[in-house]
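Engineer: Okay, here's the prediction I keep looking at, along with the sequence it came from:
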Amino acid sequence: MSARLLVLALGTVSALATSATSARAQAPGQVSPELAPAPADPYGSPHGGTRPSVMARRFAIGLGLGGLSVAPADPNSRDGRADTNFRTTELSLRYRISLHLELELALTGGRQALDNRTDGDLAMGGGTLGARYRFSPAQAWNWWLMGGLGATVIERHNSTKEERDAATRSHVAFGIGLERRWSRLALQAEARMLAIGERKDGMVAGPNFTVPPIGTPPPANPINATNNGKLSGGTFTVGAAFYF
């Protein structure tokens with residue numbers, strides 16, 4: 001009888017020890033490996049689930065509409081004139097280097113917009129090579145900061161190629177943007193600040209600019225936008241992008 005009790009006691013102790021070891025190896029609330037959910041995609045997806053991650057489509061082409069406003073960087077050079085405004089169209093091509101970082105080439109052009117909603121005598125064109133850092137790339141709503149270098153030309157809309165080349169200015173751009181992305185299509189908005197350098201030719205005004213006779217109202221801001229001084233400016237653009 002004692003031998004049977006001893007065997008039963010040893011079996012009970014062994015079972016309790018095995019149960020305690022298993023309890024210590026698995027923390028409270030932890031599920032078995034075969035029941036654990038699959039790890040999340042480290043690159044994310046703007047919609048979750050089984051849709052492609054943001055790294056699956058690294059290229060994007062975008063089209064935007066907006067406006068550019070420029071004025072002399074030196075307030076003393078404004079002579080009481082208002083800023084020179086342009087209606088702009090922008091075409092951009094982007095490539096995602098990593099989850100957070102993108103390269104972008106943006107080409108912009110437009111005509112001067114007067115207060116009476118007609119076109120002015122000036123036109124602008126420019127290009128910017130920049131980089132974007134996205135803070136929530138895997139989310140449907142995501143935002144970024146950007147910085148870039150480029151060139152801007154502001155001249156009469158009927159100027160020659162030589163005149164536009166002479167009016168070329170370098171610029172530095174900084175901006176912030178917001179995007180709502182679906183699988184391939186996205187809507188976005190971006191605001192940029194521009195620091196624009198002096199004209200390439202150093203001219204005080206455009207090659208064909210003439211001072212109007214005394215008593216004649218001057219054209220709308222021709223000197224403010226085409227003189228050799230440095231300019232400061234800002235843009236705001238809304239548009240759409242297609243990822244592929």
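Structural biologist: Happy to help now that I have it.
Engineer: which regions of this structure sit below the pLDDT cut-off?
Structural biologist: Across the chain, the stretches falling below the confidence threshold (pLDDT under 70) are 1-52, 76-82, 203-224.
Engineer: so when I look at Asp165, I'm seeing a helix, right?
Structural biologist: Yes: using DSSP: H, G, I helix; E, B strand; the rest coil, the assignment for Asp165 is a helix.
Engineer: Which elements pack onto the helix or strand containing Val153?
Structural biologist: Of the helices and strands defined by DSSP states H and E, Val153 is found in strand 141-156. Using 3 or more Cβ pairs under 8 Å, 6 or more residues apart in numbering; DSSP states H and E as the contact definition, the elements that strand 141-156 packs against are strand 101-113, strand 119-134, helix 161-166, strand 168-181, strand 185-196, helix 222-226. From N, CA and C alone the C-beta is placed, and that goes for glycine too.
Engineer: Strand partners (parallel or antiparallel) of the first one?
Structural biologist: Strand 101-113 pairs in its sheet with strand 84-96 (antiparallel), strand 119-134 (antiparallel), by DSSP bridges.
Engineer: Would you mind putting the ones you listed into a markdown table with mean neighbour count and distance to Ala241 alongside?
Structural biologist: Formatted as a markdown table, the strands paired with strand 101-113 follow (neighbours: other Cβ atoms under 10 Å; distance: least, Cβ to Cβ, whole Å):
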| stretch | mean neighbour count | distance to Ala241 |
| --- | --- | --- |
| strand 84-96 | 19 | 8 |
| strand 119-134 | 20 | 12 |
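Engineer: possible to save these as CSV with distance to Val172?
Structural biologist: Compiled in CSV, those are given as follows (distance: least, Cβ to Cβ, whole Å):
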stretch, distance to Val172
strand 84-96, 17
strand 119-134, 9
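Engineer: Minimum distance to Asn227: which of the ones you listed has it?
Structural biologist: Across those, Asn227 has its closest neighbour in strand 84-96 (10.9 Å, Cβ to Cβ).
Engineer: Stretch 128-140: end-to-end distance?
Structural biologist: According to Cα to Cα, to the nearest Å, stretch 128-140 extends 26 Å from its N-terminal end residue to its C-terminal end residue.
Engineer: again, but for stretch 133-152
Structural biologist: The distance separating the two terminal residues of stretch 133-152, taken as Cα to Cα, comes to 24 Å.
Engineer: mind listing what's buried in it?
Structural biologist: By neighbour count with 16 or more other Cβ atoms under 10 Å, stretch 133-152 contains the buried residues Arg134, Pro137, Ala138, Gln139, Asn142, Trp143, Trp144, Met146, Gly148, Gly150, Ala151, Thr152.
Engineer: of the strands paired with strand 101-113, which approaches Thr235 most closely?
Structural biologist: Using Cβ to Cβ and comparing those, the one that lies nearest Thr235 is strand 84-96, at 6.9 Å.
Engineer: Turn the buried residues of stretch 133-152 into JSON lines, including distance to Phe174.
Structural biologist: Output for those, formatted as JSON lines (distance: Cβ to Cβ, whole Å):
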{"residue": "Arg134", "distance to Phe174": "16"}
{"residue": "Pro137", "distance to Phe174": "20"}
{"residue": "Ala138", "distance to Phe174": "25"}
{"residue": "Gln139", "distance to Phe174": "23"}
{"residue": "Asn142", "distance to Phe174": "19"}
{"residue": "Trp143", "distance to Phe174": "14"}
{"residue": "Trp144", "distance to Phe174": "12"}
{"residue": "Met146", "distance to Phe174": "7"}
{"residue": "Gly148", "distance to Phe174": "8"}
{"residue": "Gly150", "distance to Phe174": "12"}
{"residue": "Ala151", "distance to Phe174": "16"}
{"residue": "Thr152", "distance to Phe174": "15"}
